[in-house]
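Q: Just a sequence and a predicted model for now, questions to come.
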Amino acid sequence: MVSHHAPGLGAQSVAGQSLVVDVPVSGTPRRRVWPRFLTSEHPFPWLAPITALILAFGVYPLLYALWLSFFKRNPITRLNVFNPTWNWGKLFADERVWGAIGHTYLYTISALAIELCLGLAIALLLDSDRKGYGLLRALMTLPLVVPPAVTGMMFLLMLDGSFGVLSTGLVSLGLWPAQHPILASGSTALAGVLLADIWQWTPFMVLIMLAGLRALPKEPFEAAAIDGATASQAFFRLTLPMLSKIIALAVLIRGVDLFRIYDYVKVMTDSGPGTATETLTSYAGTIYFKNADFPYASTISLFTLLLVIVTSSIFIKLFKVRF
Amino acid sequence: MQETFWQKRLRDVAAVLVVGLFMFPLFWWALTSFKPTSAIFDKDGIVWFDFKPTLVNYAVTMLGKSRAELAIESGNTFGIGGASSYDSRQTIIDSLIVAVGSTALTVLLAVMAAYALSRMRFFGRQAYLNWILSQRFMPPIAIIVPVVFMFHYMSLLDTRLGLVIVDTLINLPIAVLLMKSFYDDVPADVDEAAMIDGATRLQIFRRVVLPMVKGGVAATAVLCFIFSWTEFLLSLFLTNSIRTLPVKITTFVTSTGSEWGFIAALGTTAVIPSFIFILLVQKQLVRGLTLGSLKE
């Protein structure tokens, strides 16, 4: 306990605190040396460090990016000239941006649909108290923590046209034409990238759905069984509606992450072949690294953020997601 | 709905098959790391177990041997090459420093902030929480270009400290919301009892509440470590010479061909710490992934 022995400061007990002061537990009365907002009784000192950090490295860069997007970069002089409409005008006229928006939404929505359905199915499968299922559930979490760049590499190796185990397997089973490597063909490259995402993130859905399933009350299911409901009736009439809140939450969290997909695309196809797998973030990365057009890269990034905000707000309103 | 004997067996078989399917890429990856180059690139067919296991890939990436050295040692001159750029010892050390540093900083800050957010009632508390949450949803790409500029002026570009700061920034929202959910589990009576005994907030925090959420702090730390360990985009933009593992691994893909053996060896090494840690926090994993809003 703290012990102040500064004579002269005396017991300046304040009304309201007198109850605390009169109890001689800590030995000495509490007195006020610091202004109240600097003491541990006030939230300020608790929150100040993280607020400062987020303001300095999160909010300030965002405003900086907005400011930067109002400049036109001259590729020869490498000078930025103030021209507020240049990048934004360019953005809306840029066909690659529209292509990237299409790829991003296609990727996000198909990944969400596949991962959700697979995740729910696997969760139902693994939701058993019998011996060994705990181990299976634990194993199922492993893909989640593989660095996404490493996951991309894994699938790059397995999908390689000449010596990849997956592609060779598919070809020898007659499921895939040999002259049509998955990642090197414009029409299927995005599906190849999607495969890595599905492998890594279906376990996310499995885990959340399992938590949801385990929290369901038993009584409605018992009542339904007595009334002679079939398993599918119980699933569609009871399980799904009762899980709907958790599903919405999982879709929101996963969806926001999917929308900013970068690692797999960068590692597996580098937006190619051509621009077949170019997403908004990977296009921004290309503009940054290859063209060094920082203002335009900022503009594309901000536009991505804008789409995330708009899409997720609509989703939150529509499905009444609450944290 | 009671399962019959055969329904049970059917479920067992299906469950093992599905989990096996998900484990296959990991198995294949680990297997590849022990293969000699000739077995990885065999175009006549996929080599399953018909190869002589080798530790060359680990020797090059983990011990910094060049393949020429190894070839001379073993008297086998197949596939000479593989210069010192495949030596990943420094990369592992850098990755560890960055992950541990940002985890420590994140946990320290989040443990404090979350306490106030859980226990104190003040104006704008909900708005503040939403603001923190919105930080989690912000794509890192949106701030990365200005951060590069800022770091350039602050001489933080290509430093471990710079990576620690941005990783902390990315992890903070998750850590704060997660820690808050752990504090919320501790009844407020505990604080009130201590307060009646004359303890200050700081004393309550340090001696009463913090010891009660030790498990939560550990889980938060583990998750922060994993997120930092696997982070790719930020370190790609912010570093050149200091490389974290996920970025280093991608440099093994070159225009003249990919060193799959080395990639697999380093990749296998990279997932081991994550696997150990994730098995430690199985119970809190769902809570961590849903930012504290879903408890198992």
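A: Yep, that arrived. Numbering: from 1, shown residues only, chains lettered A, B, ... in the order given.

Q: immediately after the helix or strand hosting A:L47, which helix or strand?
A: Secondary structure from DSSP states H and E places A:L47 in helix A:43-54. Downstream of helix A:43-54, the first helix or strand assigned by DSSP H and E is helix A:60-68.

Q: quick one, longest helix in chain A?
A: In chain A, taking DSSP state H as the definition, the longest helix is helix A:95-126.

Q: Spell out whether that one and chain B are in contact.
A: Yes: residues of helix A:95-126 contacting chain B under C-beta under 8 Å from any C-beta of the partner chain: A:122, A:125-126. All C-beta spots, glycine's among them, are computed from the backbone N, C-alpha and C.

Q: So the residue lying closest to B:F51 once chain neighbours are set aside versus B:D50, what's the distance?
A: Spatial nearest neighbour of B:F51, excluding adjacent residues (C-beta to C-beta, 6 or more residues apart in numbering or on different chains): B:A39 at 3.8 Å. Distance, B:A39 to B:D50, using C-beta to C-beta, to the nearest Å: 8 Å.

Q: now A:R78, what's its secondary structure?
A: Recorded secondary structure, A:R78: coil (DSSP: H, G, I helix; E, B strand; the rest coil).

Q: Got the phi and psi for it?
A: Here is the backbone geometry of A:R78 (degrees, to the nearest 10): phi 60, psi 30.

Q: do the same with A:L175
A: The phi/psi pair for A:L175 (degrees, to the nearest 10) reads phi -90, psi -10.

Q: on contacts alone, who are the packing partners of the helix holding A:L47?
A: helix B:89-119, helix B:125-137, helix B:160-185 (3 or more C-beta pairs under 8 Å, 6 or more residues apart in numbering or on different chains; DSSP states H and E).

Q: what's the most buried one of these?
A: helix B:160-185 (a mean of 24; mean count of other C-beta atoms under 10 Å in any protein chain shown).

Q: mean confidence score for that helix?
A: Regarding helix B:160-185, the rounded mean pLDDT is 93.

Q: Over to stretch A:257-266?
A: In the prediction, stretch A:257-266 has an average pLDDT of 90.

Q: first to last residue in that stretch, what's the distance?
A: Start-to-end span of stretch A:257-266 (C-alpha to C-alpha, to the nearest Å) is 15 Å.

Q: do stretch B:228-238 as well
A: Note: stretch B:228-238 ends 14 Å apart using C-alpha to C-alpha.

Q: Who are the contact partners of the closest residue to chain B within the stretch 201-323 of chain A?
A: Distance from chain B to each residue of the stretch 201-323 of chain A (C-beta to the nearest C-beta) is smallest for A:R260, at 3.7 Å. A:R260 makes contacts with A:280-281, A:304, A:308, B:139-141, as judged by C-beta atoms under 8 Å, 6 or more residues apart in numbering or on different chains.

Q: Stretch A:244-258 near chain B at all?
A: Yes: Stretch A:244-258 is in contact with chain B by C-beta under 8 Å from any C-beta, via A:246, A:249-250, A:253, A:256.

Q: Reformat those into TSV and put secondary structure and neighbour count next to each item.
A: Listed next are the residues of stretch A:244-258 next to chain B as TSV, based on DSSP: H, G, I helix; E, B strand; the rest coil; neighbours: other C-beta atoms under 10 Å in any protein chain shown:
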residue	secondary structure	neighbour count
A:I246	helix	20
A:L249	helix	20
A:A250	helix	27
A:I253	helix	22
A:V256	helix	19
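
Q: Which of the residues you listed lies at the shortest distance from B:T103?
A: Nearest to B:T103, judged by C-beta to C-beta, of those is A:I253 at 21.3 Å.

Q: wouldn't that closest one be in contact with B:S293 here?
A: No: under the criterion of C-beta atoms under 8 Å, A:I253 is not in contact with B:S293, lying 9.2 Å apart.

Q: how near is A:R36 to B:V209?
A: From A:R36 to B:V209 the distance is 21 Å (C-beta to C-beta).

Q: ok, the two, which is more surrounded?
A: Counted by other C-beta atoms under 10 Å in any protein chain shown, A:R36 and B:V209 do not tie: B:V209 has more neighbours, with 21 against 10.

Q: Could you count how many residues lie near the closest residue to A:L124 other than its chain neighbours?
A: Among residues not flanking A:L124 along the chain, A:L213 sits closest, at 7.1 Å (C-beta to C-beta, 6+ apart). A total of 17 residues lie near A:L213 under the criterion other C-beta under 10 Å.

Q: same question, B:L157
A: For B:L157, the count of nearby residues is 17 (other C-beta under 10 Å).

Q: So what does it look like in phi/psi?
A: Main-chain dihedrals, B:L157, degrees, to the nearest 10: phi -70, psi 140.
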